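**Q** Let's see this in three dimensions:
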Amino acid sequence: MKKKTRLIHGGVGRDPHTGAVTIPIHHASTFKQNGVGNFEYEYGRTGNPTREALEKLITEMEGGVRGFAFASGMAAITAVIQLFSKGDHFIFTDDVYGGTFRLMTKVFNKFGIEVTFVDTTKLDQVKSAIRENTKAIYVETPTNPLLKITDLEAISSIANEYELKLIVDNTFSTPYWQTPITFGADIVLHSATKYLGGHSDVVSGLIVAADKKIGEELHFIQNSTGGILGPQDSWLLMRGIKTLGIRMEEIERNTKEISEFLINHSGVEKVFYPGFEDHPSHSIHKKQADGFGGMISFTVENEEKALALVNKVKYFTLAESLGAVESLISVPALMTHASIPRERRLELGIEDGLVRISVGLEDVEDLVNDLKQALELDS
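**A** Residues are numbered from 1 along each chain as shown. Now for the predicted structure:
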């Protein structure tokens, strides 16, 4: 099956009982058993037909063996970390989503989980950070918000050499452009709120395990802790996924044109976009992904100008999140990454004047003109 066909016909595809071309929403908390222990579904937390259809679909999309749907991306990340034990050490991409940074430094640190943040684009830094108690490497690629690219094949080789698990957050690329399991990832994560849902109407997280043992452990955690995705949201997410291919392709076309406008604008100091041939990891991303995505970050002179810009746009909505049909704009230092101390943000390159945009499906001429008028900051 080709990618777009899989998005529509993958997983369960249609209701096997009625032939309905959309999976029904099963609002059931419990299920009749045909005798003690004789059942297909037992209890809504343990399994639900609608959620299961979504989980089978994302498994097939990512090329894994088992998938899981959670109530948010953070719930999914939490479940993955719960695979590990007190005293275990993680290596994390340094330029990581602020919520992930907060989770590891403010929550899991209380339970004895240790973490080191390094630039995973630099393999020597990754190797130098490995300890005797290191258990996993956690990578975002592209990263949020600076769009750095980690070489998945190379990082997988290091993980295998040191018998570590490789966990990849694939939110920005989606399985339409990139499938990390192909390059050796053990676990793939998604904030499915973003591109997979695609319409700013559902909050959800997905996990795909590359082998049966990890899948069994994750199901135990999902059932035990209960952070499941409900059937209504599971259905919305499957509906969004059906159009993922055409959305990602159109968003990419818009993004390329907008990035060219920004790089040539005198009011823009730097542009971060892996689609540029002079991006330091352009060739690596091109090797492991079929597209460059819809995210662009750029800097203006200072925070004051960044705030003026986001307050002046008309078609870019000032909001957190990304990956929707509507274009969004944010100031990471004050929004998505505000939980990271300013000193640390500046070390990473997350400047006060950094602006992040998520390109949507509007007419690109309108989007370019919107940014053009907003960058006339003195008018």
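
**Q** Please enumerate the strands of the stretch 51-200 of the chain.
**A** Using DSSP state E, counting those that start in this stretch, the strands of the stretch 51-200 of the chain run over 66-70, 89-93, 114-118, 134-140, 165-169, 187-191.

**Q** I'd like those as a markdown table, with distance to Ala319 appended.
**A** Every residue, glycine included, has its C-beta placed from N, CA and C. A markdown table is the format used below for the strands of the stretch 51-200 of the chain (distance: least, Cβ to Cβ, whole Å):
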| stretch | distance to Ala319 |
| --- | --- |
| strand 66-70 | 22 |
| strand 89-93 | 24 |
| strand 114-118 | 27 |
| strand 134-140 | 21 |
| strand 165-169 | 21 |
| strand 187-191 | 15 |
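
**Q** List the buried residues in stretch 62-77.
**A** By neighbour count on 16 or more other Cβ atoms under 10 Å, the buried set for stretch 62-77 is 62, 64, 66-77.

**Q** with the residues you listed in mind, which one is nearest to Leu236?
**A** Ala69 (11.4 Å; Cβ to Cβ).

**Q** Would you confirm that the closest one contacts Gly227?
**A** No - checked against Cβ atoms under 8 Å, the pair Ala69 and Gly227 is beyond contact range at 9.8 Å.

**Q** about what we covered before: single out the most deeply packed of the strands of the stretch 51-200 of the chain.
**A** For the strands of the stretch 51-200 of the chain, the largest average neighbour count (mean count of other Cβ atoms under 10 Å) is found in strand 187-191, namely a mean of 28.

**Q** May I ask you to confirm that Ile329 belongs to a helix?
**A** No - secondary structure of Ile329 (DSSP: H, G, I helix; E, B strand; the rest coil): strand, not part of a helix.

**Q** Pull up the gap between the residue lying closest to it once chain neighbours are set aside and Thr134, please.
**A** Leaving aside its sequence neighbours, Ile329 sits nearest to Phe316 (Cβ to Cβ, 6 or more residues apart in numbering; 4.0 Å). For Phe316, the distance to Thr134 equals 41 Å [Cβ to Cβ, to the nearest Å].

**Q** same thing with Ala306?
**A** 37 Å.

**Q** Just give the nearest non-adjacent residue to Leu189, would you?
**A** Asp169 (4.7 Å).

**Q** likewise Ala289?
**A** Nearest one to Ala289, counting by Cβ to Cβ, 6+ apart, is Gln178 at 4.0 Å.
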